[in-house]
Each structure stands twice: as C-alpha cells, then as structure tokens.
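Asker: Need a 3D model of the following:
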Amino acid sequence: MKKLFELNPSIDRAACAARFAERSRVQVRDVLTDETAREVADILRRGTAWGLATRAGDGADSPPLAIRAAEMRTQAGAERANAAAMAAHQASARGDYAFRFAHYPMVDALQQGWDSDGPHELLLEYLNAPEFLDLVRAVTGIGELVKADGQATLYAPNHYLGRHVDSHVAEGWRIAYVLNFAQDDWHPDWGGYLLFLDEDGDVVEGFRPRFNALNLFAVPQPHLVSYVPPFAPAGRLAITGWLRDR
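Answerer: Numbering: from 1, shown residues only. Model (predicted):
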C-alpha cells in the first residue's frame with residue numbers, strides 16, 4: 001500500500017538536537033521521504049479547499065477571522081474577505097499585529113466532519129502518530145509532548161504573518177512547527193521566510209521555505225512570516241501548528 005507520510009530514516013537526530021539546544025529552533029531538512037513529501041505537496045496544491053485567515057489587531061475586540069472556501073465563492077463572502085484583508089493591512093500599517101493567509105483548519109475540519117476520511121484527516125493522524133512525535137521529542141528534548149494540532153497554510157501574493165510570540169503556555173503550546181512544501185526553487189525575493197527577531201527587532205535568523213523541511217522552534221519567541229510580494233509566481237505551501245504537552 002502506498003504511504004502518504006513517511007519519515008526519512010537518514011535524519012541526523014543528534015545533530016538536529018544539538019542545533020535546537022543551542023538556539024531553541026532548528027530546520028530539519030529532507031524530513032520525509034521524497035516520494036511521500038511530493039504526495040503531501042500534491043494534496044495541498046490540488047486537493048485543498050482554501051479559505052482565508054485574517055486578523056487586524058491583537059486586542060479582544062480584534063479576534064482572528066476565518067472564512068471558508070465555500071463562503072468565499074459567494075459575492076457576500078468575497079466582499080467580507082476583501083474587507084477583512086484591507087482591515088489587516090491597515091492594522092499592519094499602524095504597527096499592530098495582523099495577518100492574512102489562506103488556510104484549511106484540519107482540526108476544525110475533523111471535528112466538524114467537513115471531509116470524513118479525507119487526506120487531511122489522515123495527515124493529522126500522522127502528525128499525532130508515535131513516529132512523528134518521537135522525532136520531535138528527540139530533537140527538542142521535550143519528552144512531555146503528547147499531541148499536535150495542524151492547519152494547511154498557503155501564503156500567496158500579498159499574504160504575511162506579523163510579528164508575534166505564540167505565548168499560549170496555558171493551552172499547552174511548547175513547540176511551533178512548520179512543515180514546508182514550497183516548490184524546490186523558491187527564490188528569496190518571493191518572501192514567505194520564517195524570521196526570528198531579537199528584542200530590538202533585528203532579524204537574528206531566517207529559514208527559507210525549503211521543500212520538505214520541518215521548522216521547529218520553542219515558544220514563546222518573536223517571529224514572523226515575511227510578506228509575499230505580488231510578483232511571486234507561486235504560494236508558500238505548508239502544514240503548521242503547535243506541539244502540546246496537554
């Protein structure tokens with residue numbers, strides 16, 4: 001039977017763990033076998049009903065907004081999405097926290113039965129299987145990690161994620177992850193980089209959205225996803241989320 005998600009047996013776990021111990025973040029390259037990585041990329045590219053995720057400010061009066069794909073195909077939904085995107089851009093112009101990107105919330109889809117027994121449910125199962133969790137535990141040294149949530153994300157032109165820290169410790173967030181499936185020849189000018197910042201706002205490290213690479217980093221720490229410009233010919237595909245201890 002053809003596998004959908006298989007870890008690369010050649011990962012140097014000790015080297016990745018040493019890097020993570022030094023910086024609280026690491027990019028694990030070639031994390032899946034090439035065959036299964038391309039299978040997942042094809043699901044994201046061709047088989048995902050992309051909705052829109054936005055936020056325009058970090059206050060209680062500015063909660064995140066999610067618009068499903070079916071709604072966006074209606075006139076009212078398209079107008080709502082455009083208004084939300086504009087609000088996010090205006091918030092960013094003020095220096096407030098904001099984001100705009102396409103997404104498919106796999107946990108919500110599972111809980112609400114959007115596509116029962118579909119490939120996204122299976123991907124979520126693999127992310128919570130012992131093989132993947134054991135890899136992350138070995139690299140991060142956090143043995144208490146017990147589960148992963150996840151969403152499929154697409155940063156298309158004009159999409160971005162503003163600076164934030166992911167300080168949801170009470171919800172059990174310990175490690176943020178980005179499982180990248182951007183095209184092999186992703187160019188630096190196309191943006192979509194995961195950038196880490198110091199207290200002065202300087203970039204101290206950045207990860208290219210490299211195909212078949214797993215970014216792991218401890219939270220909270222300041223980071224962002226850089227703006228994807230209008231001339232970018234493709235979007236940055238990934239599965240993202242948090243690994244939790246409860």
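Asker: For this structure, just list every one of the helices.
Answerer: Using DSSP state H, the helices assigned to the chain run over residues 13-23, 34-46, 69-72, 75-93, 106-112, 119-127, 130-140.
Asker: Just the CA atoms of the first one, as CSV, please.
Answerer: In CSV, the C-alpha atoms belonging to helix 13-23 read as follows (Å, rounded to 0.1, in the frame of the first residue of the first chain):
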residue,chain,number,x,y,z
ARG,A,13,18.7,13.4,15.0
ALA,A,14,21.7,14.1,17.2
ALA,A,15,22.9,17.0,15.0
CYS,A,16,19.4,18.5,14.9
ALA,A,17,19.0,18.2,18.7
ALA,A,18,22.4,19.9,19.2
ARG,A,19,21.3,22.8,17.0
PHE,A,20,18.0,23.1,18.8
ALA,A,21,19.7,23.0,22.2
GLU,A,22,21.9,25.9,21.1
ARG,A,23,19.2,28.2,19.6
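Asker: now the angle between helix 130-140 and it, please.
Answerer: 50 degrees (axes from the mean of the first three to the mean of the last three CA atoms, to 10 degrees).
Asker: Quick check: buried residues in helix 13-23?
Answerer: Neighbour counts using 16 or more other CB atoms under 10 Å place 16-17, 19-20 of helix 13-23 among the buried residues. Heads up, the C-betas are built off the backbone N, CA and C, glycines and all.
Asker: is it true that residue 176 touches residue 220?
Answerer: No - with contacts defined as CB atoms under 8 Å, residue 176 does not count as touching residue 220, sitting 9.3 Å away.
Asker: Who has more neighbours out of those two?
Answerer: Neighbour count, other CB atoms under 10 Å: between residue 176 and residue 220, residue 176 has more, with 20 against 14.
Asker: what's that one in contact with, if anything?
Answerer: By CB atoms under 8 Å, 6 or more residues apart in numbering, the residues touching residue 176 are 166, 215-219, 223, 240-243.
Asker: Who wins on neighbours among the residues you listed?
Answerer: Of all the contacts of residue 176, the most densely surrounded is residue 243 (27 neighbours; neighbours counted as other CB under 10 Å).
Asker: what's the spacing between it and residue 136?
Answerer: Taking CB to CB, to the nearest Å as the criterion, residue 243 is separated from residue 136 by 6 Å.
Asker: so what's in contact with the two at the same time?
Answerer: Residues touching both residue 243 and residue 136 (CB under 8 Å, 6+ apart): 145, 148, 175, 177.
Asker: and which of the residues you listed is nearest residue 114?
Answerer: residue 148 (18.8 Å; CB to CB).
Asker: Report how many residues lie close to the nearest residue to residue 234 once chain neighbours are set aside.
Answerer: Nearest-residue entry for residue 234: residue 183, 5.6 Å, with adjacent residues in sequence omitted and distances by CB to CB, 6 or more residues apart in numbering. Using other CB under 10 Å as the criterion, residue 183 is surrounded by 16 other residues.
Asker: How about residue 112?
Answerer: Residue neighbour count, defined by other CB under 10 Å, stands at 9 for residue 112.
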